[in-house]
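A.B. asks: Kindly generate the corresponding structure for this input.
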Amino acid sequence: MQQIIDHLLVLLQAQTQIIAFLCFLLFGKGIKPEPEKCTDKKYLKLAVDPLPLFGEPPIEQVWQYTELLDNYRLDHGKELRPVKHRGGGEVPEDADCPYCGAPHIYVYDNDGGRGQFRCKVCGSTFTIRKPGKDDDPYCPFCLHKLELIKKRKSFDIYRCHNRDCPYRKKKLSSMTKEQKALYKKSPHAFKLRFIYRKFYFNFTPLSKDNDHLPKVDLPNITASPHVLGLILTYHVNYGLPLRKTAALMFDIHNVKVSHQTIANYRDAVAPRLKPFVDGFPYALSDSLCGDETYIKVKGKWHYIFFCFDAVKKIILSYRVRRNRDYQSAILAINDVLVKFKQIPKNLNLVTDGNPIYLLAQHWFAQRDIKFDITQVIGLTNEDDVSAEFRPIKQIIERLNRTFKGNYKPTTGYGSDPGAIASVTLFVAYFNFLRPHSKLEGKVPALIPDLDSLPNMPAKWLRLIVMGEDYIKSKAA
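C.D. replies: Numbers count the residues shown, from 1 in each chain. Prediction:
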């Protein structure tokens, strides 16, 4: 009997969906389809290897630097010390010796910054080749040519198939007995070979491309400037939905304005503030954190990619994207990098375990743009890295909660431009108008002209004028 009841319930549910779809076809917008459900998408842990060598390397013999260091200690009775760089002659972190595998700390500049390096361990000289159009990738550990194994939507995957590769041997030797037993049963669960991903993403790094916002004529609005400032204060600062903001304006200020008019004001103000928010000369630290949060746009789940200065409490990136992929992570990180006059050498971005940030880091590294990624995985401190950096990760989680306090009353956005406009105004409020308790009650980006004004509507109006002046100065 129970099986019959379950079968009938499934049948009724299917019939309900069919009827709803037919009604939607017949009556159009009268009946809406069932909204998309939010699903928790799991992701696998990802390890990103260093860059390969490009072009066939003219190397006949390969040594292991650990063996050479041991031989030096036996012959000289002391350790071989790393190179002490003097006069600014530091080498890039990817300048590992391709002959013996010695890390960059044992490598020094051999020709005054023109690209040739010498290894202190094996004495070999080498150069770091940049990938050319027809250059094939080679494994940096065994110098075997990498083979193409898979073609993804936006990148190709190459793998080293040399069974004697030092990379593979080191991975095997580091396995425990339990892992070796599991490896015999499920070898696909372990990554033992060097892998390189060749990306196909048509985007120029450190460019200032940004989300499109519609241009709405602001000077021709019928409301007074003070009314506009009040509307922005209620709608953005206090997170009131459009209809509640319209009702409050009539009930308290006796100003009759529709919720659609308020949406038009929002869409008119955001394009005037976005260039100012993105191009403001922030004083930044080198401690950053990034995360994504869910929003709903036209009934579909989207993501906001927030990047945040953990020390200065400034929102640096707020990309609204349909997909949670490595391209979105690249755009979000690029929004951060363009705000630095010079990228700090110890720049570190703390994220969760989502592999898209490691892929983005690898994409930037292929273009000689270097920064660190520290991943805090899980909800408990299962490793030393998570224990050390979890407080920074929790900072951006609090930012997500602050944003959701403004977002939830809206129950979602009706269009992509409307979502971008709303998020832009929230960021402008957070960076320039909202006092922060960790900054002794000061705003993250202090502007004296705003701080001297008597109330919040006046500050919003002054911020709009500053945004328009910024646009004019860039156009001049």
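
A.B. asks: Please, where are all the helices along the stretch 201-350 of the chain?
C.D. replies: With DSSP state H, counting those that start in this stretch as the criterion, the stretch 201-350 of the chain has helices at 225-232, 242-253, 259-279, 326-337.

A.B. asks: will you turn those into JSON lines that also has mean neighbour count and mean pLDDT?
C.D. replies: For glycine as for every other residue, the C-beta is placed from the backbone atoms N, C-alpha and C. Below are these laid out as JSON lines (neighbours: other CB atoms under 10 Å; pLDDT from 0 to 100):
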{"stretch": "helix 225-232", "mean neighbour count": "20", "mean pLDDT": "93"}
{"stretch": "helix 242-253", "mean neighbour count": "16", "mean pLDDT": "95"}
{"stretch": "helix 259-279", "mean neighbour count": "20", "mean pLDDT": "92"}
{"stretch": "helix 326-337", "mean neighbour count": "23", "mean pLDDT": "94"}
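
A.B. asks: now for those, which one comes closest to G353?
C.D. replies: Closest approach to G353 among the helices of the stretch 201-350 of the chain (CB to CB): helix 326-337, 13.0 Å.

A.B. asks: Taking their axis directions, the closest one and helix 259-279 sit at what angle?
C.D. replies: 60 degrees (axes from the mean of the first three to the mean of the last three CA atoms, to 10 degrees).

A.B. asks: picking that back up, mind checking the helices of the stretch 201-350 of the chain for the one nearest to Y183?
C.D. replies: Among those, helix 326-337 sits nearest to Y183 (CB to CB), with 28.0 Å.

A.B. asks: what comes into contact with that closest one?
C.D. replies: 154, 201, 203, 205-207, 210, 278, 288, 290, 303, 305-307, 316-319, 321, 343, 349, 354-357, 359-361, 363-364, 369, 371 (CB atoms under 8 Å, 6 or more residues apart in numbering).

A.B. asks: is it possible to export the helices of the stretch 201-350 of the chain to JSON lines including distance to T411?
C.D. replies: What follows is the helices of the stretch 201-350 of the chain, written out as JSON lines (distance: least, CB to CB, whole Å):
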{"stretch": "helix 225-232", "distance to T411": "20"}
{"stretch": "helix 242-253", "distance to T411": "11"}
{"stretch": "helix 259-279", "distance to T411": "13"}
{"stretch": "helix 326-337", "distance to T411": "24"}
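
A.B. asks: Quick one: closest of those helices to M456.
C.D. replies: helix 225-232 (7.2 Å).

A.B. asks: tell me what the closest one is packed against?
C.D. replies: Helices and strands touching helix 225-232, by 3 or more CB pairs under 8 Å, 6 or more residues apart in numbering; DSSP states H and E, are helix 242-253, helix 259-279, helix 456-475.

A.B. asks: sorry, back to before: can you tell me which of the contacts of helix 326-337 are classed as buried?
C.D. replies: 205, 210, 278, 288, 290, 303, 305-307, 316-319, 321, 349, 354-357, 359-361, 363-364, 371 (16 or more other CB atoms under 10 Å).

A.B. asks: how about CSV for the helices and strands packed on helix 225-232, with distance to T410 added?
C.D. replies: What follows is the helices and strands packed on helix 225-232, written out as CSV (distance: least, CB to CB, whole Å):
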stretch, distance to T410
helix 242-253, 8
helix 259-279, 11
helix 456-475, 19
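
A.B. asks: Tell me which of those helices sits nearest to E178.
C.D. replies: Closest among those, using CB to CB: helix 259-279, at 50.3 Å.

A.B. asks: on that earlier part again, show me the buried ones among the contacts of helix 326-337 that map onto strands.
C.D. replies: Within the buried ones among the contacts of helix 326-337, residues falling in strands by DSSP state E are L288, G290, Y303, F305, F306, C307, L316, S317, Y318, R319, R321, L349.

A.B. asks: What's the per-residue pLDDT of I195 here?
C.D. replies: Predicted confidence (pLDDT) at I195: the value is 91.

A.B. asks: Give the burial count for the nearest residue to it once chain neighbours are set aside, as a bare number.
C.D. replies: Excluding its sequence neighbours, the residue lying closest to I195 (CB to CB, 6 or more residues apart in numbering) is R159, at 5.3 Å. R159: 16 surrounding residues under other CB atoms under 10 Å.

A.B. asks: surely R159 meets L146?
C.D. replies: Yes - the pair R159 / L146 is scored as a contact, 6.3 Å apart, by CB atoms under 8 Å.

A.B. asks: Give me the common contacts of these two.
C.D. replies: F194, Y196.

A.B. asks: pLDDT below threshold where in the stretch 351-476 of the chain?
C.D. replies: 379, 382, 476 (pLDDT under 70).

A.B. asks: distance of the residue nearest to L349 when sequence neighbours are not counted from S124?
C.D. replies: Spatially, and ignoring its direct neighbours in sequence, L349 is nearest to L288 (4.8 Å; CB to CB, 6+ apart). As judged by CB to CB, to the nearest Å, L288 and S124 stand 37 Å apart.
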